[in-house]
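**Student:** Okay, here's the prediction I keep looking at, along with the sequence it came from:
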Amino acid sequence: MAWEWTHVRFAHDVKNRFDVSDLEAYYSGSIYPDSRYPSGIARDLTHDESFRQEAFYNQSDFHKGWMVHLLYDRVQFSVMGEDFTDILKEAHDDRENWQLRTALKILQDIDDQKQFSDDAIRQSVRYVLAPNSEDVHVLETYNTYFRTFYDATPVNVASYKDYFKTFGISSLDAESICHIAVDFQDRETVMRKVCNMYDRTMLAYEDFILE
């Protein structure tokens with residue numbers, strides 16, 4: 001998954017492509033899939049590939065936001081694999097690969113906040129829909145934490161340690177991810193690619209839409 005502000009930035013940039021009118025529902029939908037972590041529901045209930053098809057996302061603007069979240073996850077995963085092959089091949093197992101990718105994602109998320117800031121959009125993430133019969137209070141808390149987290153400035157690598165708890169990431173993994181991210185920040189070639197990743201994904205996303 002991309003991190004949440006990256007998802008919101010992408011949702012903003014493609015909203016006209018998908019003829020969105022209810023922005024509160026749309027932006028809330030754009031972070032909804034990752035609410036599966038605090039709500040505890042199965043991943044296939046929020047991340048099924050069929051949800052990127054037109055029949056699914058044309059149900060509502062919330063569903064369009066939901067779809068662009070999944071769309072961005074796919075395109076980011078592909079671009080990251082291409083641009084950071086040298087780094088990712090250093091992973092000894094799936095866990096290390098996930099830690100490396102997560103470190104890159106939070107660095108992109110930090111850069112996306114520098115490149116795109118919109119208080120009105122952040123505050124609009126209040127719409128709650130429980131399509132999988134989740135506890136509405138859990139979803140409300142999830143949306144509130146999003147607004148609170150991105151209201152804090154400046155956000156840095158260490159800031160994500162608390163956010164990781166929302167996603168059920170252990171303190172041990174959180175320490176490892178942040179250590180990797182800080183190391184990457186000192187590597188100019190890595191950061192140049194991180195800061196270019198969003199533009200790369202914007203050039204590629206049309207190829208990942210399921211019609």
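**Tutor:** Yep, that arrived. Numbers count the residues shown, from 1 in each chain.

**Student:** any idea how far residue 80 is from the residue in the chain sticking out farthest from the centre?
**Tutor:** No residue in the chain sits farther from the centre than residue 92, which is 24.7 Å out by CA atoms, centre = their mean. Computed as CB to CB, to the nearest Å, the residue 92 to residue 80 distance reads 18 Å. For the C-beta atoms, the positions are set from N, CA and C on the backbone; glycine is no exception.

**Student:** And residue 152, by the same measure?
**Tutor:** For residue 152 relative to residue 80 (CB to CB), the value is 26 Å.

**Student:** More neighbours: which of those two?
**Tutor:** Set residue 152 next to residue 80 and count neighbours by other CB atoms under 10 Å: residue 80 wins out with 23 against 10.

**Student:** and the gap between that one and residue 33?
**Tutor:** 18 Å.

**Student:** which element follows the lowest-mean-pLDDT helix or strand in the chain toward the C-terminus?
**Tutor:** In the chain, the helix or strand scored least confidently by mean pLDDT, DSSP states H and E is helix 160-166, which has a mean of 88. Counting by DSSP states H and E, the next helix or strand C-terminal to helix 160-166 is helix 171-185.

**Student:** For residue 16, the count of nearby residues, please.
**Tutor:** Neighbour tally, residue 16, other CB under 10 Å: 8.

**Student:** secondary structure element for residue 97?
**Tutor:** Using DSSP H and E, residue 97 falls in helix 94-115.

**Student:** which strands and helices sit next to that helix?
**Tutor:** helix 4-14, helix 61-83, helix 85-88, helix 171-185, helix 188-204 (3 or more CB pairs under 8 Å, 6 or more residues apart in numbering; DSSP states H and E).

**Student:** List the buried residues of the last one.
**Tutor:** The one in question is helix 188-204. By neighbour count on 16 or more other CB atoms under 10 Å, the buried set for helix 188-204 is 190, 193-195, 197-198, 200-202.
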